[in-house]
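> I'll drop the sequence and a predicted model, then ask my questions.
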Amino acid sequence: DDDEEDAEDEDFDDSMFDRLAELRRIFARFDRDGSGSIDRNELWTCLWCYGIRCNGQQLDAYLEYYDADNSGRIGMKEFAAMCGVEWAE
């Protein structure tokens, strides 16, 4: 029974790390300038690619809502939150 629990823990860990790795790949895809954050234009592209059509005012609202550090850009942790993933550092 302990072996089954260990196997389940390993599956959970692998799955969790796979999801985080995929999230990093997606983030890097939209961080076109390689700055480590997503600017307003990159955010618009990201949203558009995932079927979210918004005007400039709506885009600014997305940015304001998810830009927790008020940098005017979306960092990895903020991007994770935007995707519904809790990112612990």
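Everything's here; your move. Residues are numbered from 1 along each chain as shown.

> Show me the strands in this protein, by range?
37-38, 74-75 (DSSP state E).

> ok, the last one: who's next to it in the sheet?
Meaning strand 74-75. strand 37-38 (antiparallel) (DSSP bridges).

> What ranges does this structure have for its helices?
Secondary structure of the chain (DSSP state H): helices at 2-30, 40-49, 56-66, 76-82.

> Export these as CSV, with columns for mean pLDDT and mean neighbour count.
C-beta: built from backbone N, CA, C; applies to glycine. Below are the helices of the chain laid out as CSV (pLDDT from 0 to 100; neighbours: other CB atoms under 10 Å):
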stretch, mean pLDDT, mean neighbour count
helix 2-30, 73, 11
helix 40-49, 95, 17
helix 56-66, 95, 13
helix 76-82, 92, 19
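
> For stretch 18-30, give me every contacting residue.
Contacts with stretch 18-30, where a contact means CB atoms under 8 Å, 6 or more residues apart in numbering, come from 38, 42, 43, 45, 46, 49, 76, 79, 80, 83, 85.

> Contacts only, for the closest residue to the first one other than its chain neighbours.
If I follow you right, that is residue 38. Closest residue in space to residue 38, ignoring its immediate chain neighbours: residue 74 at 4.2 Å, by CB to CB, 6 or more residues apart in numbering. Residues counted as contacts of residue 74 (CB under 8 Å, 6+ apart) are 37, 38, 43, 63, 66, 67, 82.
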